[in-house]
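**Student:** I would like the atomic coordinates for the input below:
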Amino acid sequence: MTRRPELAAGARGFVLVGVVMLILALTILGLSLYGLSSYEAQFLYGSLDHEQAVAHAQGGLYLVDALISAPPNYLLSAAGQAKNVEGITYACAWQIKPPDGTHVSAWVDTAGAISWSDTVHVEVHTASSNETFAVQAQFLPRQNNNPYKRLLTLESPPVVKSYDDIYGGPHPPPQYDRTLTVHLSGDVWQRVVASSDSLWTSLVTWPRPDDGRLVATGGTIPDATTFATTKASGPASDPVGSYPPGSATLTFDASAGNGNPVFFYVPPGEQIHGGPYDGRENKYSYFCDEQTTIRVAGTAVWVLPHGVRFNGNSAHVIARSMGGPNPAVLVIVAGQNLGDIESPPLQNYTANAIWFEGGIDVDEDDPVKVFLITDHSIRIETPDFPPSGLDFDTHGGFCAVAESLWVMGPPTYYPKPMRLTRDATVMDPLTDQLYSAGALPPVTGGITNAFTLVPGSWREH
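**Tutor:** This is a model prediction of the structure:
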């Protein structure tokens, strides 16, 4: 029997201690790895929450843009609707507006309608778990392809007469001289092919420094003829006409529409009030050679498939509101006439769809917003010898959309010029409402809104 050797002194239990120390080391290493993995998980989740907050904020900017550009009102206050969507805790849009009747200095508007010519400021705050993020940016708002948001939208350059064609010119006597007696206020869309296409801008007067901006690419001219023909063949009311000797009154009472458009069409048998003029009066859906007062309540859309002519120097037209809870709006949509040819001398006026030979005036005390729309020609002129007190002023409520325009202001000696003006602050929101309600012919390709980020305006905090 072999005997086990004796261990050296102090060597008993060495393996046990080594094992215990190894286990302890592994335990410490395991706990360290567990703590590290826990920290990495927290860091990962925090990073994901931060990136999610950033993404929501960036998306929130464009959500706000979409909300405030929603028709028909285009309100800055609509930005608040983004709150609680995809982690958004705060959203605001505002513009710096110029002084007006309420504010004596520039002011911050967070609730009103968008001014499409001014920068929009947008701020969005978001949260994801414990992470928060805020971003602010500026955008340039633009409406594309909206012919109704300009004073004039024309396919070809307008003809501005500096003297009456009765006189051969070029230096007419005072009663025929019309130099710079047409005043325009508002933007113009017109197709410009050659530099000569914009020479007409020097033949009119632009009273304000910011007027006269010519958008050279032109706009889309809607199919007014089809619109007028379709609406005339459908449910349409007959305007009430009154024709005492020497004058005429047309009443378009659309108050029953309660702000919605009511369509009007003069039926055959009531379309001619004047003449005869070699049968030329038969070429229009409405013809009148008397001074005419047009009375309007609500939104009246007068459709004339074959045009309208107020004929002669005496056929001055006054548009007047009848009052009521809704704004008075007169929309005239017309196609070209059936062949208005004067002979002799031979003059072909067939392209004319809307013709105010004695001028048009909007009553200043009871104003009417006037839209003239055709895919042919509009002609607005004034008498050779205007009676004292006659006005030719649209008082900020005018819009004309046509293939072409022919205008001639009053003689230079007359103290009141022709004023075709458009107040965008009033007309823009009204135009949106009219278009949404179907009161205006649809635009081919539709109307689109665009917001362009201002370079360098992006701020994160």
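
**Student:** Quick check, pLDDT for Val160.
**Tutor:** As predicted, Val160 sits at a pLDDT of 93.

**Student:** and what of His395?
**Tutor:** With respect to pLDDT, His395 has a value of 95.

**Student:** and the closest residue to it other than its chain neighbours, what does it touch?
**Tutor:** Counting by C-beta to C-beta, 6 or more residues apart in numbering, the nearest residue to His395 once its immediate chain neighbours are dropped is Val362, at 4.9 Å. For every residue, glycine as well, the C-beta is placed using N, CA and C. Contacts here follow C-beta atoms under 8 Å, 6 or more residues apart in numbering; on that basis Val362 touches 318-320, 368, 370, 393-395, 397-398.

**Student:** Which of those residues fall within strands?
**Tutor:** Secondary structure assignment by DSSP state E places 318-320, 370, 393, 398 of the contacts of Val362 in strands.

**Student:** Which member of the residues you listed is positioned nearest Gly307?
**Tutor:** For these, the minimum distance to Gly307 (C-beta to C-beta) is 16.4 Å, reached by Val370.

**Student:** Name the SS class of Leu48, please.
**Tutor:** Secondary structure assignment for Leu48 (DSSP: H, G, I helix; E, B strand; the rest coil): helix.

**Student:** That one: how many residues sit nearby?
**Tutor:** Applying other C-beta atoms under 10 Å, we find 13 other residues in the vicinity of Leu48.

**Student:** picking up where we left off before, turn the ones in strands among the contacts of Val362 into TSV, columns for distance to Thr249 and neighbour count.
**Tutor:** Below are the ones in strands among the contacts of Val362 laid out as TSV (distance: C-beta to C-beta, whole Å; neighbours: other C-beta atoms under 10 Å):
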residue	distance to Thr249	neighbour count
Ile318	10	19
Ala319	12	25
Arg320	10	19
Val370	17	23
Asp393	20	19
Phe398	22	25
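
**Student:** Any chance of TSV for the residues you listed, columns distance to Pro442?
**Tutor:** Converted to TSV, those look like this (distance: C-beta to C-beta, whole Å):
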residue	distance to Pro442
Ile318	31
Ala319	25
Arg320	29
Val370	20
Asp393	31
Phe398	21
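
**Student:** Between which two of the residues you listed is the distance greatest?
**Tutor:** Of all pairs drawn from those, the one with the largest separation by C-beta to C-beta is Arg320 and Phe398; the distance is 14.9 Å.

**Student:** What does the pLDDT read for the residue lying closest to Asp384 once chain neighbours are set aside?
**Tutor:** By the measure of C-beta to C-beta, 6+ apart, the closest residue to Asp384 outside its immediate chain neighbours is Gln175, 5.6 Å from it. Predicted confidence (pLDDT) at Gln175: the value is 71.

**Student:** Does Gln175 belong to a helix, a strand or coil?
**Tutor:** The local conformation at Gln175, judged by three-state DSSP, is coil.

**Student:** and it, what does it touch?
**Tutor:** Listed by C-beta under 8 Å, 6+ apart, the contact partners of Gln175 are 164, 384-385, 411, 413.

**Student:** in what helix or strand does Ala57 lie?
**Tutor:** With elements taken from DSSP states H and E, the one containing Ala57 is helix 14-68.

**Student:** what pairs with the helix or strand following that helix, and is each one parallel or antiparallel?
**Tutor:** Beyond helix 14-68 in the direction of the C-terminus, DSSP H and E gives the next helix or strand as strand 88-97. In the sheet containing strand 88-97, its partner strands are strand 107-109 (antiparallel), strand 120-128 (antiparallel), by DSSP bridges.

**Student:** Only alpha carbons, please: show the very next helix or strand once past the last one as PDB.
**Tutor:** Using DSSP H and E, the next helix or strand after strand 120-128 towards the C-terminus is strand 131-144. Listed in PDB are the C-alpha atoms of strand 131-144, where the atom choice follows Å, rounded to 0.1, in the frame of the first residue of the first chain:
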ATOM      1  CA  GLU A 131     -36.500  63.500 -25.200                       C
ATOM      2  CA  THR A 132     -37.800  66.900 -26.400                       C
ATOM      3  CA  PHE A 133     -36.900  68.800 -29.500                       C
ATOM      4  CA  ALA A 134     -37.900  72.200 -31.100                       C
ATOM      5  CA  VAL A 135     -37.400  73.500 -34.600                       C
ATOM      6  CA  GLN A 136     -38.200  76.800 -36.200                       C
ATOM      7  CA  ALA A 137     -38.100  77.700 -39.900                       C
ATOM      8  CA  GLN A 138     -39.300  80.300 -42.400                       C
ATOM      9  CA  PHE A 139     -41.100  79.600 -45.700                       C
ATOM     10  CA  LEU A 140     -42.100  81.600 -48.700                       C
ATOM     11  CA  PRO A 141     -45.800  80.800 -49.500                       C
ATOM     12  CA  ARG A 142     -46.900  80.800 -53.200                       C
ATOM     13  CA  GLN A 143     -50.100  79.900 -55.000                       C
ATOM     14  CA  ASN A 144     -49.500  78.500 -58.400                       C
END
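
**Student:** so what's Tyr74 closest to, chain neighbours aside?
**Tutor:** Spatial nearest neighbour of Tyr74, excluding adjacent residues (C-beta to C-beta, 6+ apart): Ile114 at 4.5 Å.

**Student:** For Asp49, give me its contacts.
**Tutor:** Residues touching Asp49, when contacts are defined by C-beta under 8 Å, 6+ apart, comprise 128-131.

**Student:** And the helices in the stretch 101-250 of the chain?
**Tutor:** Along the stretch 101-250 of the chain, the segments classed as helices by DSSP state H, counting those that start in this stretch run 224-233.

**Student:** show me where pLDDT drops low in it?
**Tutor:** Counting by pLDDT under 70, the stretch 101-250 of the chain contains low-confidence ranges at 101, 164-172, 209-219.

**Student:** mind listing the strands for it?
**Tutor:** For the stretch 101-250 of the chain, the strands defined by DSSP state E, counting those that start in this stretch cover 107-109, 120-128, 131-144, 152-154, 159-160, 182-185, 188-190, 214-215, 240-242, 247-253.

**Student:** And the host helix or strand of Leu405, what does it pack against?
**Tutor:** Taking DSSP H and E as the definition, one finds Leu405 inside strand 404-407. Taking 3 or more C-beta pairs under 8 Å, 6 or more residues apart in numbering; DSSP states H and E as contact, the helices and strands that strand 404-407 lies on are strand 152-154, strand 159-160, strand 377-380.
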